[in-house]
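>>> pasting the structure only:
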């Protein structure tokens, strides 16, 4: 089952959308009554439509409906996320965000809460993993330009 389909059905249960309404929303948003093979964009469109039926359950408007975090202004934090993406794309790690790794390395809950010294510690650790796995080609820099 794809991530989009899992998310769609989880939100359908959360909003308590009945079968008939669910099929109508699918038809209106993606043009068919079946959720098989739905894309993430289609699932997000359907979820926004669910919120119209039960607005009290809708997420706050500042929350990103796609589940992604807002981009950080700190270049060191962005570097941590970029290095984590290299590891994800290489199949080394599964989680979307490096929160558990950051917590293990620095005791901070998220990369957004790190000091520059802690960021450098995490960056160096991620670079070592990338080099060990052979994903980086040895040209990953930490200096600011």
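Cool, the structure landed. Just so it is clear, the structure is predicted and the values come from calculations on it, not from any experiment.

>>> domains of the protein?
Each domain of the chain is listed here as a residue range: 3-57, 75-133, per automatic domain parsing.

>>> looking at the ones you listed, spot the one closest to residue 69.
domain 75-133 (7.1 Å; Cβ to Cβ). All C-beta spots, glycine's among them, are computed from the backbone N, C-alpha and C.

>>> what about residue 51, neighbour count?
Residue 51 has 15 neighbours, counted by other Cβ atoms under 10 Å.

>>> actually, residue 40.
15.

>>> still on that earlier bit, worst average pLDDT in the domains of the chain?
Least confident of the domains of the chain, judged by mean pLDDT, is domain 3-57 with a mean of 87.

>>> need the contact list for residue 12.
Counting by Cβ atoms under 8 Å, 6 or more residues apart in numbering, residue 12 touches 22, 50.

>>> separation between it and residue 102?
Per Cβ to Cβ, to the nearest Å, residue 12 is found 33 Å from residue 102.

>>> helices or strands up against the strand or helix carrying residue 86?
Assigned by DSSP states H and E, residue 86 belongs to helix 75-89. In terms of contacts (3 or more Cβ pairs under 8 Å, 6 or more residues apart in numbering; DSSP states H and E), helix 75-89 is packed against helix 116-133.

>>> how far off centre is the helix it packs on?
21 Å (Cα atoms, centre = their mean, to the nearest Å).

>>> next, count neighbours for residue 95.
Around residue 95 there are 11 residues (other Cβ under 10 Å).

>>> typo on my end, it should be residue 126
25.

>>> I'd like to know how far the closest residue to it other than its chain neighbours sits from residue 43.
Setting aside the residues directly before and after it, residue 126 is nearest to residue 83 in space (Cβ to Cβ, 6 or more residues apart in numbering), at 4.0 Å. According to Cβ to Cβ, residue 83 and residue 43 sit 29 Å apart.

>>> distance of the residue located most distally from the centre of the chain from residue 79?
Distance from the centre of the chain peaks at residue 20, with 30.3 Å (Cα atoms, centre = their mean). According to Cβ to Cβ, residue 20 stands 49 Å off from residue 79.

>>> same check on residue 118?
Relative to residue 79, and taking Cβ to Cβ, residue 118 is found at 13 Å.

>>> how about residue 101?
From residue 101 to residue 79 the distance is 14 Å (Cβ to Cβ).
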